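> Make a model of this:
(one chain, ligands or ions: 3)
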Amino acid sequence: MSEDFRQQALHYHAYPVPGKIAVELTKPANTVEDLALAYSPGVAEPVREIAQNSENVYKYTGKGNMVAVITNGTAILGLGNLGPLASKPVMEGKALLFKRFAGLDSIDIEVKHRTIDEFVDTVANIADTFGGINLEDIKAPDCFEIEKRLIERCHVPVFHDDQHGTAIVTAAGMLNALELQGKNINEAVIVCLGAGAAAVACMELLIKCGAQREKIYMLDRKGVIHTRRDDINEYKQLFANNTDKRTLEDVIEGADIFVGVSGPDLLAPEALKLMADKPVVFACSNPDPEIKPELAHAVRDDLIMGTGRSDYPNQVNNVICFPFIFRGALDVRASEINDEMKLAAVDAIRALAKEPVPAEVVAAAGADKLEFGPEYIIPKPMDPRLLPRVAKAVAQAAVDSGVAQIDMPVGYMEAK
Ligand SMILES: NC(=O)C1=CN([C@@H]2O[C@H](COP(=O)(O)OP(=O)(O)OC[C@H]3O[C@@H](n4cnc5c(N)ncnc54)[C@H](OP(=O)(O)O)[C@@H]3O)[C@@H](O)[C@H]2O)C=CC1
Ligand SMILES: CC(=O)C(=O)O
Ligand SMILES: [Mg+2]
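Ligands and ions are numbered 1, 2, ... in the order given. As a prediction, the model looks like this:
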């Protein structure tokens, strides 16, 4: 990152007011009459209504349009465990994206805790305040247990974005990229560098989309995860491959797919050269990918490449999912975000990439043209069609799979 860009980023966050989000009022609060309605005595009326029937909270408060972004700061992007306070700009960033792309109000909550029990208790005890809980940047394996226990305890959808948001976008982009490369996910040999939150969820969803578990080679800091290792947790164990291969160089030879959800600059150009013809390389580590696109393209001209960043083509980043999946889930008051909803999001994102792109999106992307192909496998985050398409598909899937607690709103997303 250049010094100039670093200064720009710091300036953006500091001015004209510190941070990226604030609270806005939705009702007038100017006169004595306004205050009598907003506060005492008027506020007592919705209190009584909600106390009588808890569903009224959706009628009289902002709960149904509010998502909490909650973290402990243990896996901030690819920067690692820098603690709750340092994670705040990222969490405010997620809140900004919820509002900008899906009109959802969102607040960041950074939790200091000693044990998993303490974190789960903290979140479960405040969960009813919100329409949904977006867990963010919590390291593996803790994130798996935390999410499972919160889903059991909370009455609103709980979704760990780094797992499922990333997996949905990766699957959508991957299926499109493979189609362009003339390859089939069922036969693809897959290397996944990283064995944490994003890695495990991405590989599980690719398997649901047709990938074969035994053709996946997952690696952590110690190398390939294989059946003779005795130092792996139960989540890595699911990907223990019965192989003699031990290093990235061993497994990447002849591989069709590389998914990087690990850290910066971990894929050497020499290793990339060993992949099969027409490979797909998603170097998703943020802010610095496993290999820079310019380096990758310099050594191969037959690859399709994606990164997590906005400033390269093919941004494989959970921003293309989380605002829209929560919009759909909240609008039918889904009790959870299930596999049917996740797969509906994959299909909707995939399909949109194949449609002609509106001129304003092309302009906002700073591109001359955007057309389904190696440099455009996935929609741009600022594509306004993502909201109606993904939210509607997700809401419909929630209704069809029986987790929606209200009917699909009449004409839902049709005007958009
Ligand atoms: N583009 C996107 O939308 C997203 C990108 N990401 C990126 O993915 C990365 C991981 O995030 P997340 O899964 O949440 O974090 P976790 O902490 O849960 O997992 C990190 C994983 O990366 C592995 N790893 C770290 N360094 C190396 C290395 N040198 N060699 C091999 N493996 C390594 C760790 O290995 P070990 O288990 O041995 O510690 C661990 O398995 C981050 O860079 C993040 O920015 C994450 C979510 C979304
Ligand atoms: C994009 C994101 O959520 C991450 O890198 O952690
Ligand atoms: Mg994240």
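
> Check the secondary structure at Lys236 for me.
helix (DSSP: H, G, I helix; E, B strand; the rest coil).

> if I look at it, how far off is Ala393?
32 Å (C-beta to C-beta, to the nearest Å). Just so you know, the C-beta spots here come from the backbone N, C-alpha and C atoms, and that holds for glycine as well.

> now swap in Leu386 and tell me
From Leu386 over to Ala393 the distance is 11 Å, taken as C-beta to C-beta.

> and if you look at Leu135?
23 Å.

> what's the answer for Asn53, then?
31 Å.

> swap in Glu49?
Counting by C-beta to C-beta - Glu49 and Ala393 are separated by 34 Å.

> can you map out the strands along the stretch 301-416 of the chain?
304-307 (DSSP state E, counting those that start in this stretch).

> of Lys236 and Ala393, who's got more company?
Ala393 (23 against 19; other C-beta atoms under 10 Å).

> so that one touches Ala344, yeah?
Yes: using C-beta atoms under 8 Å, Ala393 is in contact with Ala344, at 4.2 Å.

> For Ala167, which residues are in contact?
Residues counted as contacts of Ala167 (C-beta atoms under 8 Å, 6 or more residues apart in numbering) are Ala198, Ala201, Cys202, Glu204, Leu205, Leu206, Lys342.

> So for it, what's the pLDDT?
On pLDDT, Ala167 comes in at 98.

> quick check, it in a strand?
No: secondary structure of Ala167 (three-state DSSP): helix, not part of a strand.

> since we're on whichever residue of the chain sits closest to ligand 2, how many residues are nearby?
Taking C-beta to the nearest ligand atom, ligand 2 has its nearest neighbour within the chain at Asn286, 3.6 Å off. For Asn286, the neighbour count with other C-beta under 10 Å is 18.

> Give me the nearest residue to Cys209, chain neighbours excluded.
Ala171 (5.2 Å; C-beta to C-beta, 6 or more residues apart in numbering).

> go on, Arg149?
The nearest residue in space to Arg149 (C-beta to C-beta, 6+ apart) is Val120, at 4.9 Å.

> Three-state assignment for the residue of the chain closest to ligand 2, please.
With three-state DSSP as the criterion, Asn286 reads coil.

> quick one on the thing from earlier: would you convert the contacts of Ala167 into a markdown table that also reports secondary structure, distance to ligand 3 and pLDDT?
Listed next are the contacts of Ala167 as a markdown table, based on DSSP: H, G, I helix; E, B strand; the rest coil; distance: C-beta to the ion, whole Å; pLDDT from 0 to 100:
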| residue | secondary structure | distance to ligand 3 | pLDDT |
| --- | --- | --- | --- |
| Ala198 | helix | 8 | 98 |
| Ala201 | helix | 12 | 98 |
| Cys202 | helix | 13 | 98 |
| Glu204 | helix | 17 | 98 |
| Leu205 | helix | 16 | 98 |
| Leu206 | helix | 19 | 98 |
| Lys342 | helix | 17 | 98 |
